[in-house]
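1. How does the following fold in three dimensions:
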Amino acid sequence: MPASLQEKSASFRSADRESRSAGVTVSVAADALKRRAFLKLILASAGSLAWPYRLGHAQTKETVLRVAMTLSDIPLTTGQSDGGADGGRFVNRSLYDALFSWDLSRADRPSGIVPNLAESWSVDAKTQRVWTFKLRRGVKYHDGSVFTARDVVWNFDKLTKEDAPQYDRHQARQAANWLVSVSSARAVDDFTLEITTKEPNGTLLYELTSVFMSSPRQWEKVGRDWQKFAFQPSGTGPWKLASLVPRNRAELVRNSEYWNPKQVPQTDRMVLRPMPDATTRVAALLSGQVDFVEALPPDAVPQVKASGMQVHANVYPHIWPYMLSHMPDSPFKYIRIRKAANLAIDREKLIKLLRGLAVPAKGMVTPDHPWFGKPTFDIKYDPNAARKLLAEAGYGPKNPVKVKFLMSAAGSGQMQPLSMNEFIQENMREVGIDMSLESMDWEALRSRRMAGAHSAPNKGIHGINYSWSIQYPIFGLIGQTFHGKNRVAGYNWGNFGDPRADELAAKPLREFDIEEQNKRLGELHAYLVDQAIWIWVVHDMNPRGLAGNLKGFVQAQSWFQDLTRIRIE
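-> Below is the predicted model:
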């Protein structure tokens, strides 16, 4: 077989990374100015383009939901997608299922965990390490084969056992965060699964929401080739892949036999289009080329509404921070400098620039969250206090702290990174922090995050602007204490190490009562805030633009959304 499109896509991604991470320091101000000018031009002209596209769309009987993602490529379709939350939202949860999922049916409260392919579970009271799950019966893969407990073991092995025939390093890399605590999995019978963890882990159910089930029979059918599987995947999800053109589009069709009748898609087809540039997404929405747009730029909101389209926004478990290096050569190894950087940012003014589509951060989570706790360090705008802290550390206007951050021009959860970094760069300069920026592709930035501050590629980098999920206790809080030889790739980018934090992080792992676990997580969060381990900026409200004829969408308080409910009228 000739070189596949998936291979070509991989080479394109590699070229992007090399060209965009070649050490070029960008002028964020110039880029932001160009973007704003182009956006004004698009908003002025897009209305004249809308009618012909919508007329053509209306003439077909098939209902097609066309989605513009923030990514530059179609995420991996083999089972564990790349692309961060966009990959999870549009590929993982469309084509596949996990043992547990999120309740995405409501907008008025944070999304909680619900059973999915697993219906019930119990934990061995003596060891607190052995979990038993009863699996859902009657679930079929897109290839017609029946889902069983043995398939779960097979999928765990594809992600964790390098000597397994089905092991796939690409998928394993994406799932590394979720199976780190699992020691073994075995099928007791066709519909009973036993998972043993290395240590007690009261947060395991959260992690199992992100491990997705690919069909072993389909993998065999395509010659045990994951690249071929990517173009002919088989999961148990509400959508089936009809066609894939890397860097261009993925077309999904409704799985009319989906096991959950409440989530059988209301449209016949869904087309995913990668559009990393925000102005391009807006133009596509206003001209009728797409129906659903991720990360709507705040400047576009008035025109989108004036055009008769919808804007949806809601708080969700997200933080837009700078992860800081705690390495010996980083200025941020000093707590005074970390606190000063947090006090330097005028978040209220930044939110006005974002047209109110964000919430000021006081830490990883919002103050009304059950994990907030009682931190003593109040994160706010106080430039005088910031200057005082810097002076105590030996810095000032004539001797500024020089730091270099990595950022991306777009990407899942990155909001409006060019204009936001420009604003914060000026805030930092005003108190005595000289902040330079290096921009790169989102996937390249993800690779640098996975590598950690201690790695050779990140030498001389003091922080990364990387949006982060706080939906999972391990991902958002506990994992930020893993360091040194215990660090798991993807967690604790800056290698923050603190014995007290380690002690506090161990407590929620040994707590299986959710209310008590929340209290322990609150104690950990308060300590991490008091240590100012990151620079916390805002919580995104994730604005989305929808065509006026879309009905049924509920923007849940989650990184993930249920697109099966959308209907076209």
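2. In what element of secondary structure is A501 found?
-> Secondary structure from DSSP states H and E places A501 in helix 499-509.
3. For that helix, buried residues please.
-> A501, L504, A505, A506, K507, P508, L509 (16 or more other C-beta atoms under 10 Å). Where you see a C-beta, it was placed from the backbone N, CA and C, and this is true even at glycine.
4. How far off centre is that helix?
-> Mean C-alpha position of helix 499-509 versus that of the full chain (C-alpha atoms, centre = their mean, to the nearest Å) differs by 25 Å.
5. other SSEs contacting that helix?
-> helix 514-530 (3 or more C-beta pairs under 8 Å, 6 or more residues apart in numbering; DSSP states H and E).
6. tell me which residues of the helix it packs on are tucked away?
-> For helix 514-530, burial by neighbour count (16+ other C-beta under 10 Å) applies to 517-518, 520-530.
7. The helix or strand just after that helix vs helix 514-530, what angle?
-> Downstream of helix 514-530, the first helix or strand assigned by DSSP H and E is strand 534-540. Orientation check (axes from the mean of the first three to the mean of the last three C-alpha atoms, to 10 degrees): strand 534-540 against helix 514-530 gives 120 degrees.
8. who touches strand 534-540?
-> Defining contact as C-beta atoms under 8 Å, 6 or more residues apart in numbering, one finds that strand 534-540 is touched by 315-316, 318-324, 338, 341-342, 345, 347, 350-351, 354, 357-364, 366, 379, 413, 415, 420, 424, 463, 467, 494, 529.
9. If you count contacts, what does the helix or strand harbouring A444 end up packed against?
-> Using DSSP H and E, A444 maps to helix 442-451. For helix 442-451, the packing partners by 3+ C-beta pairs under 8 Å, 6+ apart come out as helix 5-20, strand 401-408, strand 463-465.
10. related to what we said a few turns ago, return the helix holding A501 as PDB; C-alpha atoms alone will do.
-> Provided in PDB are the C-alpha atoms of helix 499-509 (Å, rounded to 0.1, in the frame of the first residue of the first chain):
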ATOM      1  CA  PRO A 499       6.900  17.500  50.800                       C
ATOM      2  CA  ARG A 500       3.800  19.200  52.300                       C
ATOM      3  CA  ALA A 501       2.100  19.200  48.900                       C
ATOM      4  CA  ASP A 502       3.000  15.500  48.500                       C
ATOM      5  CA  GLU A 503       1.400  14.700  51.800                       C
ATOM      6  CA  LEU A 504      -1.800  16.700  51.000                       C
ATOM      7  CA  ALA A 505      -2.000  15.100  47.500                       C
ATOM      8  CA  ALA A 506      -2.000  11.500  49.000                       C
ATOM      9  CA  LYS A 507      -5.100  12.100  51.200                       C
ATOM     10  CA  PRO A 508      -7.800  12.300  48.500                       C
ATOM     11  CA  LEU A 509      -6.400   9.200  46.800                       C
END
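11. contacts for it?
-> Contacts of helix 499-509 (C-beta under 8 Å, 6+ apart): 199-203, 473, 477-478, 480-481, 517, 520-521, 523-524, 527-528, 531.
12. Enumerate every residue touching W226.
-> Counting by C-beta under 8 Å, 6+ apart, W226 makes contact with T78, D168, H170, Q171, W219.
13. Return the closest of the residues you listed with respect to D124.
-> Q171 (29.3 Å; C-beta to C-beta).
14. Who are the contact partners of that closest one?
-> L76, T78, G79, Q80, K158, L159, W226.
15. quick one on the thing from earlier: as TSV, the buried residues of helix 514-530 with pLDDT would be great.
-> What follows is the buried residues of helix 514-530, written out as TSV (pLDDT from 0 to 100):
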residue	pLDDT
Q517	92
N518	92
R520	97
L521	96
G522	97
E523	98
L524	98
H525	98
A526	98
Y527	98
L528	98
V529	98
D530	98
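16. From G476, how far off is the closest residue to S145 other than its chain neighbours?
-> Of all residues not flanking S145 in the chain, R217 sits nearest, at 4.3 Å (C-beta to C-beta, 6 or more residues apart in numbering). Remark: distance between R217 and G476 (C-beta to C-beta, to the nearest Å) = 36 Å.
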